[in-house]
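>>> give me a model of this one.
(one chain, ligands or ions: 1)
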Amino acid sequence: MLSTLSARIFLLAAAVTLVGLGVLAWFMVQMHTRDLESEAVQGALRLSDTLTRSTRYSMLKNQKEDVYHIIQTVGDQPGIERIRVFNKEGRITFSTDPNERGKAVDTAAEACTRCHSVPGAPLTRLEGKELTRIFMDREGHRVLGLIAPIYNEASCSTIGCHSSPREQQVLGVLDIQTSLAQVDDVITARSREFMYLTYFLMLTIAGACGVFIWLFVHQPVKALIRGTRKIAAGDLSYRMPVKSRTEIGRLAESFNHMGGELKQAREALTDWTETLELRVNQKAETLRQAQAKLAQSEKLASLGSLSAVVAHEINNPLSGILTYTKLVRKLLQNGANPAQIPDMLKYLEAMESETARCGKIVSNLLAFSRQSAISTESADLNTILEKTLFLIGHKLELQGIALHKELQGGLPSVWCEADQIQQAIFAVLINAIEAMPEGGTLTVKSAGVLDAASEAMWIEISITDSGAGIPNDVLPHLFEPFFTTKENKKGVGLGLSVVYGIIKRHHGRIDVRSEPGAGATFILALPEKPAEVTGTPMPSVPEDILHPQDFVV
Ligand code: ADP
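From the prediction side, this is the model:
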């Protein structure tokens, strides 16, 4: 409830009104009580004075009966509790209450304490408030007591009715007790009236404050909150009604102004975004066209360079064939004699080898650029590996190369075109053999490796030779078509390009590790099932097994 500003202002106003009016009412009641009591005291003083004056003559005449009669008559008036006369010894010589007459009171009695507060030295003169006292009677009503000392006048001693010496100043005391019950009734009635007035004023002020706060604070603040929520929700066209020129009215105006500015800013931003989008699209289109042109020219350039390499590679054997053909034709035209037959056979042999070389180049180029989909089957890589090793067995023997095999049994089958995988393994094995012309050790391993990222099983075949290794400057060019370091036209430079094409089409990868002088290792890895079968992306190669210049297909 106290969470709203209006509620807090209202509670504060109500509390201040309650306390303020309460304090005011209390002061008023106190003042009124004092006035009434003062009036009662004045009345009692007047009564005492009247009584003293009316009995003076009878006292001088020592006519006690007259004195007591006057006192009794006055004492019978309503509102007067009792009137007593004390002599100097403290004996009640007369009282309107007959039971008290003749009784003695000591100086500690309630009526005597004013003069006898100091033992043995009674006061002879009392002034103003010292004459009065207020106490409770047996019925619980307040009673106003008034002490009127009876002084020893000169005329008293001359008429000889008192035996008291002239020095004695006080002959006795007149004690008048008037009831304050009526005064108290009036005070109670006034207090009640003040209380009702306070309640009424409090309710009126609180009600007026409540209505004012509700109309001029609560409602406008609520409208402001509603407006800010609408703006925050994106309704920037929302405007608040401005009903007054107070601070809240001005706040509503500022709010509307802010809403307008925000709307303009948003429109400008939207325009700008649309323009930007349009420009980005235009630029993207220009870029796409430029990219397409670049790709086209790159294609043409690579086609050009490939054609140049192919032309060069085929031109050499072809020009050799042409030369030998001319030689053979010349020999035959000149009427070939039997002694020239060995030469002719040599030329024909060279023509045959050069033609075979051309055929090899063309068939490898076809294998490298083959785009048709491979027809896969489930095959065991160990079986393919054994078959290929059997094919090169004779070569190993001839070159004095020891074969070391570590094939892991029970490997899962892979989806592949077995002939092509055999061709790729064969090419890598032939390179390894050619890297060890003086003999050495060929290590062939197979193993299943679980790729942690994709949780797919990969089958790896590693072929390690103990040859000269691959120089660092050669590594980046290994898979380029027609790249070879083999002299005497022994190499065509298409072996690894073909391997690259085959493994790529099988969604596999090739890792190469080599330290110059420490042999080379080629790792061919194939997934247990290709991506299109498993539906999972190809796993990446763990970084730690890659040399910076390694190749990953
Ligand atoms: P080619 O065998 O006809 O030269 P390749 O594409 O098969 O063509 O090989 C390209 C080059 O890669 C080779 O010329 C050779 O320099 C290098 N190479 C391939 N395998 C090995 C290996 N095991 N050891 C050293 N060098 C190798």
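>>> so which residues make contact with stretch 259-279?
227, 231, 236, 237, 238, 239 (CB atoms under 8 Å, 6 or more residues apart in numbering). In short, each C-beta sits where N, CA and C put it, glycine included.
>>> pull out the buried residues from that stretch.
residue 259 (16 or more other CB atoms under 10 Å).
>>> just the CA atoms of that stretch, as CSV, please.
Output of stretch 259-279 as CSV, limited to C-alpha atoms (Å, rounded to 0.1, in the frame of the first residue of the first chain):
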residue,chain,number,x,y,z
GLY,A,259,8.0,10.7,-27.5
GLY,A,260,7.9,12.9,-30.6
GLU,A,261,11.7,13.2,-30.8
LEU,A,262,12.0,9.4,-30.3
LYS,A,263,9.5,8.8,-33.1
GLN,A,264,11.4,11.1,-35.4
ALA,A,265,14.7,9.4,-34.5
ARG,A,266,13.3,6.0,-35.0
GLU,A,267,11.9,6.9,-38.4
ALA,A,268,15.3,8.4,-39.4
LEU,A,269,16.9,5.2,-38.2
THR,A,270,14.5,3.0,-40.1
ASP,A,271,15.1,5.0,-43.3
TRP,A,272,18.8,4.8,-42.7
THR,A,273,18.7,1.1,-42.1
GLU,A,274,16.6,0.6,-45.3
THR,A,275,19.0,2.7,-47.3
LEU,A,276,21.9,0.8,-45.8
GLU,A,277,20.3,-2.5,-46.6
LEU,A,278,19.7,-1.4,-50.1
ARG,A,279,23.3,-0.3,-50.5
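>>> where exactly do the strands run in the stretch 101-250 of the chain?
With strands called from DSSP state E, counting those that start in this stretch, the stretch 101-250 of the chain shows them at 132-136, 142-151, 170-179.
>>> please name the nearest non-neighbouring residue to residue 220.
residue 248 (4.2 Å; CB to CB, 6 or more residues apart in numbering).
>>> list the contacts for that neighbour?
216, 217, 220, 221, 224.
>>> find the centremost residue of the protein, please.
Centre of the chain computed as the mean C-alpha position; nearest residue by CA atoms, centre = their mean is residue 232, 18.5 Å away.
>>> gap between that one and residue 226?
Distance, residue 232 to residue 226, using CB to CB, to the nearest Å: 11 Å.
>>> quick check, the lengthiest helix in the chain touching the ligand?
The residue-count maximum for a helix in the chain (DSSP state H) belongs to helix 247-333. No. Helix 247-333 stays clear of the ligand (CB under 6 Å from any ligand atom), getting no nearer than 10.9 Å.
>>> next structured bit after that helix?
helix 341-369 (DSSP states H and E).
>>> tell me the angle that next one makes with helix 247-333.
Computed by axes from the mean of the first three to the mean of the last three CA atoms, to 10 degrees, the angle separating helix 341-369 from helix 247-333 equals 170 degrees.
>>> ok, back up a step: make CSV out of the contacts of residue 248 and add pLDDT, distance to residue 291 and neighbour count.
What follows is the contacts of residue 248, written out as CSV (pLDDT from 0 to 100; distance: CB to CB, whole Å; neighbours: other CB atoms under 10 Å):
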residue, pLDDT, distance to residue 291, neighbour count
216, 84, 68, 16
217, 83, 66, 17
220, 84, 61, 22
221, 85, 60, 16
224, 85, 55, 15
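>>> what's the closest of those to the ligand?
residue 224 (80.0 Å; CB to the nearest ligand atom).
>>> isn't the closest one up against residue 241?
No. In this structure residue 224 lies outside contact range of residue 241 using CB atoms under 8 Å: 10.8 Å.
>>> could you list the low-pLDDT ranges of the protein?
Along the chain, the parts satisfying pLDDT under 70 run over 1-2, 106-111, 113-129, 153-168, 298-306, 308-309, 367-374, 488-490, 530-553.
>>> how about the residues of it near the ligand?
Looking at the ligand, the residues of the chain close enough under CB under 6 Å from any ligand atom are 427, 431-432, 435, 465, 467, 470, 474, 478, 483-486, 491-497, 520.
>>> rerun that using 5 Å as the cut-off
431-432, 435, 467, 470, 484-486, 491-493, 495-496, 520 (CB under 5 Å from any ligand atom).
>>> one step back: could you identify the buried members of the contacts of stretch 259-279?
227, 231, 236, 238.
>>> and which of those is nearest to the ligand?
Lowest distance from the ligand to those (CB to the nearest ligand atom) belongs to residue 236, with 68.3 Å.
>>> ok, that closest one - contacts?
Residue 236 neighbours (CB under 8 Å, 6+ apart): 259, 262, 263, 266.
>>> and it, what are its phi and psi?
Residue 236 adopts backbone torsions of phi -80, psi -10, taken as degrees, to the nearest 10.
>>> that one - nearest residue in space that isn't next to it in sequence?
Nearest to residue 236 is residue 263, by CB to CB, 6+ apart, at 4.0 Å.
>>> please enumerate the helices of the stretch 51-200 of the chain.
Taking DSSP state H, counting those that start in this stretch to define them, one finds helices in the stretch 51-200 of the chain at 64-75, 154-159, 181-213.
>>> which one of those helices is the most hemmed in?
helix 64-75 (a mean of 16; mean count of other CB atoms under 10 Å).
>>> what lies in contact with that helix?
With CB under 8 Å, 6+ apart, helix 64-75 has contacts from 47, 50-51, 54-55, 58-59, 80, 82-83, 85, 94, 96.
>>> and with 7 Å instead?
51, 54, 55, 58, 59, 80, 82, 83, 85, 94, 96 (CB atoms under 7 Å, 6 or more residues apart in numbering).
>>> where's residue 447 relative to residue 385, distance?
Residue 447 is 12 Å from residue 385, by CB to CB.
>>> neighbour count: those two, which is higher?
residue 385 (22 against 15; other CB atoms under 10 Å).
>>> residue contacts, the more buried one?
Neighbouring residues of residue 385 by CB under 7 Å, 6+ apart: 407, 425, 444, 446, 461.
>>> for the second one, grab the count of nearby residues.
Which is residue 425. Neighbours around residue 425, by other CB under 10 Å: 25.
>>> what backbone torsions are found at residue 514?
Per degrees, to the nearest 10, the backbone of residue 514 is at phi -160, psi 140.
>>> and for the one 5 residues further on?
According to degrees, to the nearest 10, the main-chain angles of residue 519 amount to phi 80, psi -180.
>>> all strands for the stretch 351-500 of the chain, in order.
377-379, 401-407, 414-416, 440-450, 457-465.
>>> highest average neighbour count across those strands?
strand 414-416 comes out most buried of the strands of the stretch 351-500 of the chain by mean count of other CB under 10 Å, with a mean of 24.
>>> need the contact partners of that one.
Applying CB under 7 Å, 6+ apart, the set of residues contacting strand 414-416 is 376, 378, 379, 381, 459, 506, 526, 528, 529, 530, 533.
>>> what of stretch 195-203?
17, 18, 21, 22, 25.
>>> roughly how far is whatever helix or strand the last one lives in from the heart of the chain?
The one in question is residue 25. Using DSSP H and E, residue 25 maps to helix 5-60. In terms of CA atoms, centre = their mean, to the nearest Å, the centre of helix 5-60 is found 64 Å from the chain centre.
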